[in-house]
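Q: got a structure for you, letters missing:
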């Protein structure tokens, strides 16, 4: 006997998927397949930049939230090789950057396909932002620390 096989279902013609076939939400596939909006800066320090990758707020949709991996690619504006940071949320902070330096950023969204492989959309148009100056940042940090004390 073959007890490890699911029971056969009668489906008339035998064509088409059965209702038990796993399927991806079309909204999720569309969300990840389209080119993302350009990353926008929401904060910066001398050694980090925080960017938002979801301008429209679609990342909060229950069909997307928790099912998408966001990838932020970044490089010094003068470099050719990209580094990347993956995140489960569309707000991403890149750390260990050089002070007062211009960086290029681009992002893309992906989801895990039925075969377990990541399916990525096209990268966004690039954005360029600079980290804060070390001297201004240090003064601001000292000022904030003095206010907190």
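A: Cool, the structure landed. A quick note: this is a predicted structure, and the numbers were derived from the prediction, not measured.
Q: contacts and neighbour counts: CA atoms only from here.
A: Noted.
Q: just checking, residue 28 is part of a helix?
A: Yes - secondary structure of residue 28 (DSSP: H, G, I helix; E, B strand; the rest coil): part of a helix.
Q: Just the buried positions in stretch 69-79, please.
A: Across stretch 69-79, burial judged by 16 or more other CA atoms under 10 Å covers 69, 70, 71, 72, 73, 74, 75, 76.
Q: I figured the last one hits residue 96, correct?
A: Just to be clear, that refers to residue 76. No - in this structure, residue 76 is not within contact of residue 96 by CA atoms under 8 Å, at 12.0 Å.
Q: hang on, residue 80 is in a helix, isn't it?
A: No - counting by three-state DSSP, residue 80 is not part of a helix but coil.
Q: Around it, how many other residues sit close by?
A: For residue 80, the number of neighbouring residues by other CA atoms under 10 Å comes to 8.
Q: cool, residue 96 as well?
A: 9.
Q: From residue 86, how far off is it?
A: 16 Å (CA to CA, to the nearest Å).
Q: Repeat that for residue 65.
A: 15 Å.
Q: pLDDT score for residue 55?
A: Here, the pLDDT recorded for residue 55 equals 71.
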